[in-house]
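In: Just need the structure, nothing else, for what follows:
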Amino acid sequence: MLSGFVAAVAILGHLAGATTASMPSGFPDCNGTWPTMLRFSCHQLVIDRIDPLVNPGSIPSPHQHQIVGGNAFNTSIPFTSIAALSSCTICSYSDDFSNYWTSKLFFRARNGTYKRVPQAAHSDFADFFNDTFSPYAKGGLVAYYISPGQNMVTAFKPGFRMFFGDAALRSKPSGPWDLSNQTCYRCFSGPNWEGNLGPPCSNPDVDTMHLPNKPCHMIRSNIVFPTCWDGVNLDSSDHKSHVAYPVEGPNVFDAIGTAETCPDSHPVKIPQVMIEIVWDTTGFNDPNEWPEDESQPFVLSTGDKTGYSQHADYVFGWKDDSLQVGMEAGCIAANCPGLKVQSVEEAAKCLVPELVGEDYSGWHSTLPGKPPQPPVTTTASPTPTPTGKGKGKGKGKGQ
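Out: Now for the predicted structure:
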């Protein structure tokens, strides 16, 4: 396991912001004998107010999402291979037809009007991970799949799906586990990822479960899914109960580990999946448009100003056994051997129609779907002046 240790030191050093000169000199060849971390980007597929997991068949669903992945995405997704139902994917790994979706982030000006916050491309560590896609991705997210070594995890089965979070939360969640290492926000203080101290959700000095309460150049959002499965059910009534955390508790994202010991009720170790989104908040830092009480002005599309309702939906869709092949590759990169990749341009051709057809560009008096609104801090504010450039597909191309 020495090579795995060297890999972990190198990865964590880079994630902590160390210089290349201080890192071990290169990784061993990908040979399946050390951990795998697939780290890759996906463009945004569409922005829409549908949710085939929590609100199947409903047009519209209660709040807006950004959606990523294969073009089989629809108001309902059958319990079958969605890779077989898809003709393209927006992701750099071209055999990943999975769908991932999350809530959107909005800025709420002092006078109560809203504007969607655009997303930033993930240019950090692109060279380190041999990643030519992420710096040019249009919206979307970065996905991570982790295996600690060969024959250590079992890839998901066709039709598998799961959900993390709670769209109704407005305070720190209670329960048997501290989930602060599974869901977090990080505030970057400058355009070159200043403030990037340690792996995601690992540093309480820079990571919070609530939205940052200070101006940020960018806000990064991370969500980590459970790593144990009951081995039988592709879903459950709450979309959570068929998966679980290991007996030692939620696994901190360390780029090489998943579960040490899964509970008897959920004995199958599955890949650790983490998704990552970066919101470009640069254009929304005018103090004259922040609330008069100096509280932070950002609101999730659920109507949540706290950020605790951050959540994510996942439907597995890797083609055939490609994910299992990837998990055995012993590779930490965006282009691991045995997996097909596609160009930024080719991936961007994959589209699905927007079904609800809402105008989400520009300024609006309410959030899409009109969820409960935070209180207005003043009635005297003029027309908002922030310069953030929110765009969307259908009614304006999305990011």
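
In: hang on, isn't S180 packed against P200?
Out: No - counting by CB atoms under 8 Å, S180 does not reach P200; the two are 11.2 Å apart. For glycine as for every other residue, the C-beta is placed from the backbone atoms N, C-alpha and C.

In: Have a look at those two and say which one is more surrounded.
Out: Remark: of S180 and P200, P200 carries more neighbours, 25 against 17, as counted by other CB atoms under 10 Å.

In: How about the more buried one: what's its closest non-neighbour residue?
Out: N222 (4.0 Å; CB to CB, 6 or more residues apart in numbering).

In: Check Y245 too.
Out: That would be P226: by CB to CB, 6+ apart, it lies 5.3 Å from Y245.

In: What is the burial count for that neighbour?
Out: 24.

In: That one in helix, strand or coil?
Out: Under DSSP: H, G, I helix; E, B strand; the rest coil, the three-state class of P226 is coil.

In: tell me, what residue is most central in the protein?
Out: I275 (2.9 Å; CA atoms, centre = their mean).

In: That residue is in contact with Y145, isn't it?
Out: No - at 10.4 Å, I275 and Y145 do not qualify as touching, with contact defined as CB under 8 Å.

In: how about the residue nearest to the centre of the chain, phi and psi?
Out: With angles defined as degrees, to the nearest 10, I275 sits at phi -120, psi 150.

In: Check the gap between the residue nearest to Y245 and F164 for me.
Out: 8 Å (CB to CB, to the nearest Å).

In: Please identify every residue contacting each of S180 and P200.
Out: Between them, S180 and P200 share these contacting residues under CB atoms under 8 Å, 6 or more residues apart in numbering: D207.

In: So for H311, what's the nearest residue that isn't a sequence neighbour?
Out: Nearest to H311 is G165, by CB to CB, 6+ apart, at 2.7 Å.

In: quick one: the one you found from I219, how far?
Out: 17 Å.

In: Run through the residues that contact H217.
Out: Residues near H217 by CB under 8 Å, 6+ apart: F188, S189, G190, P191, E194, T281, T282.

In: could you redo the last one with a cut-off of 6 Å?
Out: F188, S189, G190, P191, T282 (CB atoms under 6 Å, 6 or more residues apart in numbering).

In: for T261, same thing?
Out: T261 sits in contact with P246, V247, where contact means CB under 6 Å, 6+ apart.

In: ok, now how distant is it from A244?
Out: Distance, T261 to A244, by CB to CB: 11 Å.

In: One more: F298?
Out: F298 is 32 Å from A244, by CB to CB.

In: Neighbour count for the two, which is higher?
Out: F298 (21 against 18).

In: The more buried one reaches P212, doesn't it?
Out: No - counting by CB atoms under 6 Å, F298 does not reach P212; the two are 8.3 Å apart.

In: what kind of secondary structure is F164 in?
Out: strand.

In: so what's it up against?
Out: I223, F225, A312.

In: Hmm, C184 and the first one touching each other?
Out: Read that as I223. No - the pair I223 / C184 is not scored as a contact, 8.5 Å apart, by CB under 6 Å.

In: Give me the nearest residue to A137, chain neighbours excluded.
Out: Distances taken as CB to CB, 6+ apart put S41 closest to A137, at 4.2 Å, once the chain neighbours are dropped.

In: how far out from the middle of the chain is the helix or strand hosting that neighbour?
Out: Applying DSSP states H and E as the criterion places S41 in strand 36-42. Mean C-alpha position of strand 36-42 versus that of the full chain (CA atoms, centre = their mean, to the nearest Å) differs by 12 Å.
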